[in-house]
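Trainee: sequence and predicted structure are below.
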Amino acid sequence: MLRHLLILLPPSIAALLAWIYLPGTVMDASFFSTSSKVIAKPPFFITGNGKQETPHTLRTLRSAANLITEQPISITITDDPEQIFQSSPPSPIDYAVILKNISRLGSKSVSISTPLAWQEADMISLLALDRQLDAYPSPITSAPLTRSPVPSPIPPAFRRASIPITSIDKGEITSFPIINRISIPNVVLGNKTSLAGFSILESEVLTQNSHLIARWDDRIVFSFLLLTALDHFGKKIDEITIKPDQYISLSNSGPYIPIDSYGRLKMHAEPIPRQNQNPIPATDLIDAPDDLIAHQLPRPIVLTNSLSSIDESERLYSESIVSTIATLCHPEGTTYNRSFPRFPWISEILFLASLNCMLFSIFTIFSAHRRFCLTGFLVLILASHFIIFTTINHWPPTLPAIIAVLITFLMPNLLPQMPPSESPEPHPHEPN
């Protein structure tokens with residue numbers, strides 16, 4: 001009996017230590033990921049660390065077709081045959097008029113997807129544009145980026161909308177696109193409060209899955225699309241967390257956006273049928289009533305480019321903006337979320353105590369067939385694990401239990417054999 005108790009002491013200690021220290025480790029996360037494949041098809045990703053206060057959460061991708069429920073408000077730059085604006089494409093003073101009218105309609109934010117760049121522009125009109133940009137708390141501007149033998153420093157607006165590479169916890173970032181300059185000169189990005197994101201990465205192949213991340217020197221810069229979602233949810237740049245090949249979290253509480261190892265959105269935003277699109281021509285803003293978009297706020301307001309003169313890559317990008325932003329800004333997020341909380345700690349302790357009592361019973365009652373019994377017991381633990389996991393969506397302390405059983409398997413071989421007890425010899429004065 002004493003030998004059995006000595007053998008079962010290490011498994012009990014191991015189970016307790018595993019119960020205390022395994023949650024939040026790679027082993028626990030890997031076991032949860034493996035278990036999740038029973039109920040979800042990849043791709044999916046997992047948040048939370050499996051502790052009592054931050055349980056594992058399984059996040060499976062929604063159907064892209066179900067994500068486009070509310071479109072952003074699209075103000076589009078169109079050809080101007082009636083010459084309502086000063087020029088076509090619009091001049092800086094025209095953009096200043098557009099921004100002033102968007103503000104008049106009640107919007108406190110604006111995202112400008114088309115680069116604000118002109119070969120020749122007079123200083124007065126540029127100052128007027130700057131003044132209207134400064135009227136917004138945090139306007140979002142954009143520019144195409146590329147990789148060049150001659151790099152340039154990160155402009156202030158891009159730096160404000162970036163995070164250091166060192167802030168990324170783990171994972172490979174070598175696959176993220178590397179850029180080092182704006183591909184067109186004289187781009188207006190705004191002043192002290194503006195945030196700039198990239199529109200197109202000209203050094204990368206344009207795909208259906210939008211790039212959201214790029215590397216510029218020692219910083220991570222973001223796409224105009226992601227910055228628009230960040231602004232829509234009221235999050236700050238320094239709240240962003242990146243898990244390469246898993247997700248971008250816009251804050252500690254989400255929303256979570258799935259990305260691949262190249263920093264692209266891990267889903268294709270389904271295009272919105274043309275008959276369902278309701279863009280507002282920028283020329284219509286001049287005489288628009290003050291309540292034109294009041295019923296649609298606080299949806300994001302995006303200034304897009306529908307000029308007939310843009311090239312093919314710009315056209316494809318422009319056509320994807322509304323559907324991608326609608327996907328990123330879906331009120332329920334881009335994923336279905338299932339949380340798997342742990343049981344109360346007292347319940348888990350009682351479970352592990354019961355487990356060790358059963359191991360003791362196997363040693364004392366079924367000692368001749370203990371390996372066979374332990375194997376069956378291990379199968380029972382795994383079967384119970386998946387029943388609990390799939391039916392009531394809880395995360396039981398299965399790993400500590402498995403570790404206890406495995407150590408119990410090994411203990412008789414690790415400890416020196418104790419001689420069997422012998423019957424005491426009769427006292428010499430006692431009759432035989």
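Mentor: Ah, there it is.
Trainee: partner residues bridging Thr47?
Mentor: Taking DSSP bridges, one finds Thr57 as the beta-bridge partners of Thr47.
Trainee: I'd say it and Ser33 touch.
Mentor: No: if you go by Cβ atoms under 8 Å, Thr47 and Ser33 don't touch, sitting 11.8 Å apart. C-beta: built from backbone N, CA, C; applies to glycine.
Trainee: which one's more surrounded, the two?
Mentor: Between Thr47 and Ser33, Thr47 has the larger neighbour count (other Cβ atoms under 10 Å), namely 21 against 15.
Trainee: any figure for the gap between that one and Met267?
Mentor: Using Cβ to Cβ, to the nearest Å, Thr47 is found at 17 Å from Met267.
Trainee: so where's the chain shaky on pLDDT?
Mentor: For the chain, the stretches with pLDDT under 70 are 1-7, 63-69, 169-171, 268-277, 331-333, 366-368, 411-432.
Trainee: domain-wise, how is it divided?
Mentor: Following automatic domain parsing, one finds the domains of the chain at 2-62+340-414, 70-333.
Trainee: buried deepest among the ones you listed, which one?
Mentor: Of all the domains of the chain, domain 70-333 has the most neighbours on average by mean count of other Cβ atoms under 10 Å, namely a mean of 18.
Trainee: how far away from the center of its chain is that domain?
Mentor: 19 Å (Cα atoms, centre = their mean, to the nearest Å).
Trainee: distance between the ends of stretch 224-242?
Mentor: Start-to-end span of stretch 224-242 (Cα to Cα, to the nearest Å) is 17 Å.
Trainee: kindly apply the preceding question to stretch 24-44 instead.
Mentor: End-to-end span of stretch 24-44 (Cα to Cα): 19 Å.
Trainee: what of stretch 362-369?
Mentor: Span of stretch 362-369 from end to end, Cα to Cα: 8 Å.
Trainee: same question for stretch 335-350.
Mentor: 35 Å.
Trainee: next: stretch 166-179.
Mentor: Stretch 166-179 has an end-to-end distance of 18 Å (criterion: Cα to Cα).
Trainee: contacting residues around that stretch?
Mentor: Stretch 166-179 is contacted from outside by 145-147, 165, 198, 201, 203-204, 211, 213-216, 218, 220-221, 241-246, 261-263, using Cβ atoms under 8 Å, 6 or more residues apart in numbering.
Trainee: again, only this time at 7 Å
Mentor: Here stretch 166-179 makes contact (Cβ atoms under 7 Å, 6 or more residues apart in numbering) with 145-147, 165, 201, 203-204, 211, 213-216, 242-245, 261-263.
Trainee: excluding chain neighbours, what is closest to Pro177?
Mentor: Ala214 (4.5 Å; Cβ to Cβ, 6 or more residues apart in numbering).
Trainee: bridging residues for that neighbour?
Mentor: Under the criterion used (DSSP bridges), Ala214 bridges to Val221.
Trainee: next up, the contacts around it.
Mentor: 145, 176-177, 179, 198, 201, 221, 263.
Trainee: 10 Å instead, please
Mentor: 145, 147, 162, 176-180, 197-198, 201, 203-204, 220-223, 262-263 (Cβ atoms under 10 Å, 6 or more residues apart in numbering).
Trainee: cool, Gly106 as well?
Mentor: So Gly106 contacts 290-294, 296-298, 301 (Cβ under 10 Å, 6+ apart).
Trainee: Ser109: which of the residues you listed is nearest?
Mentor: The shortest approach to Ser109 among the contacts of Gly106 belongs to Ile301, at 6.7 Å (Cβ to Cβ).
Trainee: surely that closest one touches Asn101?
Mentor: No: using Cβ atoms under 10 Å, Ile301 is not in contact with Asn101, being 11.1 Å away.
Trainee: what about the strands in the stretch 251-400 of the chain?
Mentor: Remark: strands assigned in the stretch 251-400 of the chain by DSSP state E, counting those that start in this stretch are 256-258, 280-281, 301-305, 335-340.
Trainee: distance to Glu53 for these - can I get that in JSON lines?
Mentor: Output for these, formatted as JSON lines (distance: least, Cβ to Cβ, whole Å):
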{"stretch": "strand 256-258", "distance to Glu53": "18"}
{"stretch": "strand 280-281", "distance to Glu53": "46"}
{"stretch": "strand 301-305", "distance to Glu53": "38"}
{"stretch": "strand 335-340", "distance to Glu53": "12"}
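Trainee: wait, which of the ones you listed is closest to Lys51?
Mentor: Across those, Lys51 has its closest neighbour in strand 335-340 (11.9 Å, Cβ to Cβ).
Trainee: picking that back up, tell me which of the strands of the stretch 251-400 of the chain lies nearest to Glu82.
Mentor: Closest to Glu82 of the strands of the stretch 251-400 of the chain is strand 280-281 (Cβ to Cβ; 10.7 Å).
Trainee: just checking, what packs against that closest one?
Mentor: In terms of contacts (3 or more Cβ pairs under 10 Å, 6 or more residues apart in numbering; DSSP states H and E), strand 280-281 is packed against strand 73-77.
Trainee: so what does the strand it packs on touch, helix or strand wise?
Mentor: If you count contacts as 3+ Cβ pairs under 10 Å, 6+ apart, strand 73-77 packs onto helix 92-104, strand 111-112, strand 280-281, strand 301-305, helix 312-328.
Trainee: tilt between that strand and helix 92-104?
Mentor: Angle, strand 73-77 to helix 92-104, by axes from the mean of the first three to the mean of the last three Cα atoms, to 10 degrees: 160 degrees.
Trainee: so what are the sheet partners of strand 73-77 and their directions?
Mentor: Strand 73-77 has the following strand partners under DSSP bridges: strand 280-281 (parallel), strand 301-305 (parallel).
Trainee: from Pro90, how far out is Gln119?
Mentor: Applying Cβ to Cβ to Gln119 and Pro90 gives a distance of 14 Å.
Trainee: let me fix that, I meant to ask about Leu380.
Mentor: 72 Å.
Trainee: could you do Glu239 as well?
Mentor: As for Glu239, its distance to Pro90 is 34 Å (criterion: Cβ to Cβ).
Trainee: could you do Leu8 as well?
Mentor: 80 Å.
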